[in-house]
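>>> Predicted model and sequence follow; I will ask about them next.
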Amino acid sequence: MQRLPVPLLLVAVLLAALAGFVDAVAFSSFAGFFASFMSGNTTRLGVAVASGLQAEMRTAAALLLGFVSGVMGGAIAARAAGMRAREAVMLLVTTLLALAALCVGFGPRQLGLVLLAAAMGAENAVFSGNGEVRVGLTYMTGTLVRFGQRLADALMGVGGRLGWWRDLLFWGGFVFGTVGGAGAFQLIGDLAIWIAALLAGLLTLLVARMPADA
C-alpha cells in the first residue's frame with residue numbers, strides 16, 4: 001500500500017471493509033464463489049476444468065470477466081471524471097451493487113453475482129493515478145506480504161519501527177467487513193446486498209466531501 005494521508009487511509013480501510021462485506025455475502029449466497037477474491041475464483045476455474053464441472057467453470061469464468069470489466073469501467077470513470085475521479089468511481093460501485101441486489105432479488109440471480117464482482121473490480125480505481133492502482137482495495141495477499149516484510153524489517157532494525165501498522169489496519173478492515181457481511185447474511189439473507197449498496201452510497205458521500213487533490 002502506498003503511503004496515504006490519515007484521512008485517505010481511513011477511507012481506504014472503510015473501502016476494504018466494504019469489499020470484505022460483499023465478498024462474505026457472495027461466498028455465503030453463491031456456494032463458495034467470491035466477489036472480490038479472484039485468486040479463489042481462478043482456483044475454482046482450474047479445478048472445474050480438470051474435473052469437467054461445466055456449471056462451475058462457467059460461473060468462475062463469468063466472475064473473472066465481470067471483475068476485469070469492473071476494473072475497466074472504474075478506470076474509464078476515473079479518467080473521464082478528472083479531479084472528481086473518486087466519487088465518480090464510488091458512484092459506479094454503488095450503482096453496480098444496487099443492480100446486483102435487484103438481480104439477486106428478482107432475477108437473473110447469476111447476473112447479480114457477476115455485478116458484485118464488477119463492483120469490486122471498479123472499487124480498485126478509487127485510489128488510482130496515471131493508469132496505476134495506488135491501493136488495491138479488494139485483495140489481501142499483497143497486504144499480508146507487505147505486513148510480514150515490514151514487520152521483519154522492524155524486528156531487524158531496518159527502516160521504520162512501525163512501518164507495518166498501516167497494512168495490519170487495512171487487513172483488519174477487510175476482516176471486519178467479512179464478519180459483518182457473514183452476520184448480515186445470516187440475519188437477512190440476500191437482502192444484505194442492499195446494505196452493501198447503502199454503505200457504498202454513504203462512502204460516496206464521504207469521498208465527495210474530501211478535497212479533490214487530497
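Done, it's in.

>>> Quick one: residues contacting the spatially closest residue to Leu91 that is not a sequence neighbour.
Leaving aside its sequence neighbours, Leu91 sits nearest to Thr204 (Cβ to Cβ, 6 or more residues apart in numbering; 5.6 Å). Glycine gets a C-beta too; all of them are placed from N, C-alpha and C. Each residue near Thr204 by Cβ atoms under 8 Å, 6 or more residues apart in numbering is listed here: 87, 90-91, 93-94.

>>> what's downstream of the helix ranked longest in the chain, the next helix or strand?
The longest helix of the chain (DSSP state H) is helix 54-81. Counting by DSSP states H and E, the element after helix 54-81 in chain order, helix or strand, is helix 85-106.

>>> and that following helix, what other elements does it pack with?
Secondary-structure packing of helix 85-106 (3 or more Cβ pairs under 8 Å, 6 or more residues apart in numbering; DSSP states H and E): helix 54-81, helix 109-123, helix 192-208.

>>> I'd like the average pLDDT over it.
Regarding helix 85-106, the rounded mean pLDDT is 96.

>>> Stretch 191-202 too?
The average of the pLDDT scores along stretch 191-202 is 98.

>>> Would you indicate which residues of that stretch are buried?
Applying a neighbour-count criterion of 16 or more other Cβ atoms under 10 Å, one finds 192-197, 199-201 buried in stretch 191-202.

>>> Stretch 166-185 too?
Buried residues in stretch 166-185, defined by neighbour count with 16+ other Cβ under 10 Å: 166-167, 169-171, 173-174, 176-178, 180-182, 184-185.

>>> May I have it as PDB, with CA atoms only?
Provided in PDB are the C-alpha atoms of stretch 166-185 (Å, rounded to 0.1, in the frame of the first residue of the first chain):
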ATOM      1  CA  ARG A 166      -1.000   0.500   8.100                       C
ATOM      2  CA  ASP A 167      -1.000  -2.900   6.400                       C
ATOM      3  CA  LEU A 168      -2.300  -4.500   9.600                       C
ATOM      4  CA  LEU A 169      -5.000  -1.900   9.900                       C
ATOM      5  CA  PHE A 170      -6.000  -2.400   6.200                       C
ATOM      6  CA  TRP A 171      -6.200  -6.200   6.600                       C
ATOM      7  CA  GLY A 172      -8.200  -5.700   9.800                       C
ATOM      8  CA  GLY A 173     -10.700  -3.600   8.000                       C
ATOM      9  CA  PHE A 174     -11.300  -6.300   5.400                       C
ATOM     10  CA  VAL A 175     -11.700  -8.900   8.200                       C
ATOM     11  CA  PHE A 176     -14.200  -6.700  10.000                       C
ATOM     12  CA  GLY A 177     -16.200  -6.400   6.800                       C
ATOM     13  CA  THR A 178     -16.300 -10.100   6.200                       C
ATOM     14  CA  VAL A 179     -17.600 -10.700   9.800                       C
ATOM     15  CA  GLY A 180     -20.200  -8.000   9.200                       C
ATOM     16  CA  GLY A 181     -21.200  -9.500   5.800                       C
ATOM     17  CA  ALA A 182     -21.500 -13.000   7.100                       C
ATOM     18  CA  GLY A 183     -23.500 -11.900  10.100                       C
ATOM     19  CA  ALA A 184     -25.800  -9.800   7.900                       C
ATOM     20  CA  PHE A 185     -26.400 -12.700   5.500                       C
END
